[in-house]
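Peer 1: output the structure for:
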Amino acid sequence: MKLIFKEKILKKNLGFVFFLILPFAYGQMSDSLSLNNVLDLVIENNPVLKQSRGKIAISESKIGIARSNKYPKVIFEGSFAYVDPISKVSLPLGPNPTELPLFPNENYNVHSGVQYTLFDFGRTNEIITISKIEKLIAEEGLEAAQKTLTYAATELFNTILFTKKALQVQDKFITSLKRTLKRTDGFIKNGLATNFDRINTNVRITSAQNKKITLQNSLKKLEYKLKELMGMNVSQKLAITGDLSIEKKNLNQMDLYKGTRNELTIVTHLDSVFKSAEKLTNKSSLPFITVGGTTGFHNGYMPNLNEFRFNIAVFSKITVPLFQGFKVKHEKNIAKIKRDNNNWHLQEIKTKISTELAYAKESLEHSHQEYENNKILIQQAETAVQQARKKYDNQLITNLDLLDTEVVLARAQLALLQSEYKYVVAYYKLLQVKGIKIWQ
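Peer 2: Next up, the predicted model:
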């Protein structure tokens, strides 16, 4: 019984401890952002994308405005007018003729009316079509902005990873230089080296530390820019997790990725807009057929001119534009020029995309070759440093010779990292040129 009771207490305590630890553990996990987390925050919080979503909402309202022309217009009016003099008729009744007014001095009118465009030869339908296409353009604009910002965030993300790794390389280089300085101090004590060797080593260390400060400053700027894209406050802490592994990027599968360049789609939609606008212009000289009616109360009826009486009126009319000052002619000319310019713009975009695609593929292949060469270079540099350290310990080379080999190794490590970074950047650039979405 005692054992069972102790086991229950232990379970309760473990549960309570887990309950206390869980929020802190979750907070630590959530502080570190992967690339997908960063892209999600950009899509959700970036002000530019919020503006683009607002443009889509405006386009939806414009469709509603265009459709409103298919409904009748209902109005209510009330008016008062005082007229003097008024027309009168003299009646020869008796010795004194009597004047009979035909209209009252005070005229009151209260009525409601309805008016409906019965037929406009498709003008309203063309306006609705244009509004719908403009909404499609706004949607394409949103996706284009999403692609631009997510690829910009991806480049910043990878540049931050590169800068952090470059700092690690620089720290290793500084540690190696300090180790060399320690050896040099030992040689100086034994009379095997001079203060000149020590000064040279200190100069290299100071120079390396200055470069480290520059990298740290660059890292801060990059983090600020990434926070701006994600809609974060600059005072918020930013921690990202990821790698620049070139092995995960398969160049042979690149042709399998299919995407859409939003510029091409937008230009196609614009051509449809200009076609509808041209049709609308051609209908400018066609008539309108309108019907309507009013009903209400007003005075002015015989025999009692001041009495309010119910009345009703029904009408139909046709409006034919005969002359509009050559407006239609110029509108047709503008519509034609816009379509021609749009076709030229389409050709320009296609040429630009072809050039970007060829350049992106070449950059990717070049950076891959550079990466493979740098892997060989770093192996050679590591071997050279190992041999130089042994020779320096045996006083077969000078302090400057050892420092030179260590500088070559550090440069080789940085070159390998740079080529890996350039490959990853080129990889995403090729995805961007293909118009591929990289967010979920």
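
Peer 1: from here on, just use CA atoms for contacts and neighbour counts.
Peer 2: OK.

Peer 1: touching, A415 and N373? I think so.
Peer 2: No - with contacts counted by C-alpha atoms under 8 Å, A415 stays clear of N373, the gap being 9.9 Å.

Peer 1: neighbour count for the two, which is higher?
Peer 2: A415 (20 against 14; other C-alpha atoms under 10 Å).

Peer 1: which one is that one nearest to, not counting chain neighbours?
Peer 2: N374 (6.6 Å; C-alpha to C-alpha, 6 or more residues apart in numbering).

Peer 1: quick one: average pLDDT of whatever helix or strand the one you found lives in?
Peer 2: Per DSSP states H and E, N374 falls inside helix 327-393. For helix 327-393, mean pLDDT is 91.

Peer 1: in the helix or strand just after that helix, what's buried?
Peer 2: Note on helix 327-393: by DSSP H and E, the next helix or strand toward the C-terminus is helix 399-434. For helix 399-434, burial by neighbour count (16 or more other C-alpha atoms under 10 Å) applies to 399, 401-403, 405-434.

Peer 1: likewise stretch 178-188?
Peer 2: Of all the residues in stretch 178-188, those buried under the rule 16+ other C-alpha under 10 Å are K178, T180, L181, R183, T184, D185, F187, I188.

Peer 1: what stretches of the chain score poorly on pLDDT?
Peer 2: The chain contains residues with pLDDT under 70 at 1-31, 94, 246-257.

Peer 1: how about the helices in it?
Peer 2: 2-31, 35-45, 47-67, 123-189, 195-230, 262-282, 327-393, 399-434 (DSSP state H).

Peer 1: quick one on the thing from earlier: packing partners of the helix holding N374?
Peer 2: helix 262-282, helix 399-434 (3 or more C-alpha pairs under 8 Å, 6 or more residues apart in numbering; DSSP states H and E).

Peer 1: how far off centre is that helix?
Peer 2: Computed by C-alpha atoms, centre = their mean, to the nearest Å, the chain-centroid distance of helix 327-393 equals 22 Å.

Peer 1: for stretch 264-279, same thing?
Peer 2: Counting by C-alpha atoms, centre = their mean, stretch 264-279 comes out at 23 Å from the chain centroid.

Peer 1: for it, list every residue counted as buried.
Peer 2: Buried, per 16+ other C-alpha under 10 Å, within stretch 264-279: 264-267, 269-279.

Peer 1: just stretch 376-386 next, same as before
Peer 2: So for stretch 376-386, counting by 16+ other C-alpha under 10 Å, buried means L377, I378, A381, E382, A384, V385.

Peer 1: ok, and what's touching that stretch?
Peer 2: L402, T405, E406, V408, L409, A412, Q413, L416 (C-alpha atoms under 8 Å, 6 or more residues apart in numbering).

Peer 1: same thing but at 10 Å, please
Peer 2: Contact with stretch 376-386 is made by 371, 374, 387-388, 391-392, 401-416, as judged by C-alpha atoms under 10 Å, 6 or more residues apart in numbering.

Peer 1: can I get the buried residues of stretch 376-386 in a markdown table with distance to Q170?
Peer 2: Converted to a markdown table, the buried residues of stretch 376-386 look like this (distance: C-alpha to C-alpha, whole Å):
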| residue | distance to Q170 |
| --- | --- |
| L377 | 18 |
| I378 | 15 |
| A381 | 16 |
| E382 | 15 |
| A384 | 19 |
| V385 | 16 |
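
Peer 1: now, among those residues, which is nearest to Y359?
Peer 2: Among those, L377 lies closest to Y359 (C-alpha to C-alpha), at 26.3 Å.

Peer 1: re the thing from before, which single one of the buried residues of stretch 178-188 is nearest to I334?
Peer 2: Among these, and counting by C-alpha to C-alpha, the member closest to I334 is K178, at 73.9 Å.

Peer 1: what about the closest residue to that closest one other than its chain neighbours, how many residues nearby?
Peer 2: Excluding its sequence neighbours, the residue lying closest to K178 (C-alpha to C-alpha, 6+ apart) is I205, at 7.2 Å. Neighbourhood size, I205 [other C-alpha under 10 Å]: 19.

Peer 1: renumber starting at 37 from here on
Peer 2: Okay, using 37 as the starting number, the last item reads as I241.

Peer 1: quick one: residues contacting the residue most central in space within the chain.
Peer 2: In the chain, the centroid-proximal residue (C-alpha atoms, centre = their mean) is A181; its distance is 2.8 Å. Listed by C-alpha under 10 Å, 6+ apart, the contact set of A181 reads I79, V84, L85, S88, E175, Y187, N298.

Peer 1: T165 versus N194, what's the distance?
Peer 2: Distance of N194 to T165, given as C-alpha to C-alpha, to the nearest Å: 44 Å.

Peer 1: next one: T237
Peer 2: For T237, the distance to T165 equals 75 Å [C-alpha to C-alpha].

Peer 1: of the two, who's got more company?
Peer 2: Comparing T237 with T165 by neighbour count (other C-alpha under 10 Å), the higher total belongs to T237, at 22 against 18.

Peer 1: hang on, the earlier thing: ok, the residue nearest to K214 - contacts?
Peer 2: I241 neighbours (C-alpha under 10 Å, 6+ apart): F209, I210, T211, S212, L213, K214, L217, I235, K247.
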